[in-house]
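Asks: attaching a predicted model along with its sequence, questions to come.
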Amino acid sequence: MSTSSFQSLEKPGGYREMLRVAVPLVISTGSFTVMQFVDRIFLTRYSAEAIQAALPSGLLAFTLICIFSGVAGYVNTFVAQFHGAGDPRGAARATAQAIFFALLAWPLMLALTPVGEWLLRHCGHAPGVLHEELIFYRILMLGSVAVPLGASISGFFTGRGDTRTNMIAVVIGNLFNILLDWILIFGHWGFPRMGIAGAGWATVISSLLTPLLLLCVYFGPRLRRTYDTLGTFRPDLHLMLRLLRFGVPAAMHLLLDVGSFSLFLLLTARLGPLELAASNIAFSINNLAFMPLVGIGIAASILVGQYQGSGQSDVAARAGWTALKIGWCYMIVTGLSFVLFPRGYFVLFTGQAGGAIKLDEILPLGRWMLTMMAIWGVADAANVILAGALRGAGDTRFVMLYSLVVMVFIWLGGEALLLLVFGGGMRAAWLWLVIYVFILVAGFFWRFRSGRWKTIDLLGRQPEV
């Protein structure tokens, strides 16, 4: 390796700094996805209806929750920019507003529960699947406060670059979830056999454990001295309004992203039980394989935010491009595994539930889906990472508006025509999904390269004209 290559590893916004921040985040986000992955493997050993119900109902619950968790979680960028600007009390004040927002959002999320129930009842799913979906969905909505609360307090740690503390808390929570899954789904250690309800309660309990652990550290003596976490824990209307101003567009982007996939699953669920099972399993594999990209995207958001906060926009740009290169390297290797070893992925989900899901029946369609995932993977890496970098700079309005136009008019509009008007099948639906991902990433790539985000004043330090 040349001397210049070693220097690129060391310099701000380079590979070493990015990996230092990204690796614990990859473990944290990957741990959460492994938890969900294991949930579904457990449920395949319980019943065919449970595995068909878990992904649509779980994703629908998260769709209704994510607008609130997206706002609370955007405190990550505020903390990063306050940290870059050398204002520790500002980071704590922003975190307090996010925690207040998460708690106040809980009644609103509970009020949305009937909306999701109505959607599930009108999706045309088989009665047995619908019964399981409603059970799982209601439990997740009851414990919905855990998601925005976790996003708010974890944003304080990750925004400062302390991704290790967050990683430890997340891993503890997810390991506890796996243990609870085993106990509650199958009825071990004297507990009743609860099936998908057990999976729901395991998720809620373990999701609350992680933010509680982080709150103990947050209000501990070390951080109280440096950040005045108790003294700053009070409402700040000006800062709350700025969190809403920038956080709502970021949350809307998350809602559009998650919501569009929820609608996609609900639309394709009409194509038949084999297609639904193949699609659910493929997306479970997709979530497991792609989640490290989310960790890299968060790392890009953190470093871009920190360097923007310190007034170093050029270094912020370098950090964004560095994160993208790391994501591309990861995705190329992962995509090759999709193409070369499809059977190894699908065998985890087949042959259980009384033989209801047969590998030989589902593999031809599943192999094709994994190939599509490999093709869109490189583009989706840029989508996740560059969108994260733009959010770190405060460019949330562009991310939201561009995503809205592309998702609604190109992807979902096209899928509705393909499936409902022209009677296309699952292959046509997935092919259009690939086209959509490439169109979406083109806009994010152009926006980040243009550098227009460099003039955004997230913290309001300059007088607004």
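Replies: Arrived safely, thanks for sending.

Asks: going forward, measure contacts between C-alpha atoms and count neighbours the same way
Replies: Noted.

Asks: residue 118: neighbour count?
Replies: 11 (other CA atoms under 10 Å).

Asks: so it versus residue 60, what's the distance?
Replies: 11 Å (CA to CA, to the nearest Å).

Asks: same check on residue 24?
Replies: Here residue 24 is placed at a distance of 28 Å from residue 60 (CA to CA).

Asks: which one's more surrounded, the two?
Replies: Each of residue 24 and residue 60 has its neighbours counted (other CA under 10 Å); residue 60 has more, 27 against 22.

Asks: my guess is the more buried one meets residue 115, correct?
Replies: No: applying CA atoms under 8 Å as the test, residue 60 and residue 115 come out as separate, 10.1 Å apart.

Asks: which residues sit in contact with residue 28?
Replies: 166-168, 170-171, 295 (CA atoms under 8 Å, 6 or more residues apart in numbering).

Asks: quick one: list the elements packing against the longest helix along the chain.
Replies: Using DSSP state H, we find that the single longest helix of the chain is helix 273-309. If you count contacts as 3 or more CA pairs under 8 Å, 6 or more residues apart in numbering; DSSP states H and E, helix 273-309 packs onto helix 15-44, helix 48-73, helix 75-84, helix 237-268, helix 313-340, helix 359-392.

Asks: out of these, flag the one nearest residue 93.
Replies: Of all these, helix 237-268 sits nearest to residue 93, with 7.9 Å by CA to CA.

Asks: secondary structure element holding residue 138?
Replies: Using DSSP states H and E, residue 138 sits in helix 127-142.

Asks: what's the mean pLDDT across that helix?
Replies: For helix 127-142, the mean pLDDT works out to 86.

Asks: just name whatever secondary elements it is in contact with.
Replies: helix 48-73, helix 88-111, helix 113-121, helix 196-218.

Asks: please identify which of the ones you listed is closest to residue 231.
Replies: Closest of these to residue 231 is helix 88-111, at 9.0 Å (criterion: CA to CA).

Asks: buried residues in the closest one, which are they?
Replies: Neighbour counts over helix 88-111 (16 or more other CA atoms under 10 Å) mark 88-102, 105-106, 109-110 as buried.

Asks: reformat the helices and strands packed on helix 127-142 as TSV; add mean pLDDT and distance to residue 323.
Replies: Putting the helices and strands packed on helix 127-142 into TSV (pLDDT from 0 to 100; distance: least, CA to CA, whole Å) gives the following:
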stretch	mean pLDDT	distance to residue 323
helix 48-73	79	20
helix 88-111	94	24
helix 113-121	86	36
helix 196-218	91	26
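
Asks: among those helices, which is nearest residue 311?
Replies: Here helix 88-111 is closest among the helices and strands packed on helix 127-142 (CA to CA), at 16.6 Å.

Asks: ok now that closest one, how far from the chain's centre?
Replies: The chain centroid and the centroid of helix 88-111 are separated by 19 Å under CA atoms, centre = their mean, to the nearest Å.
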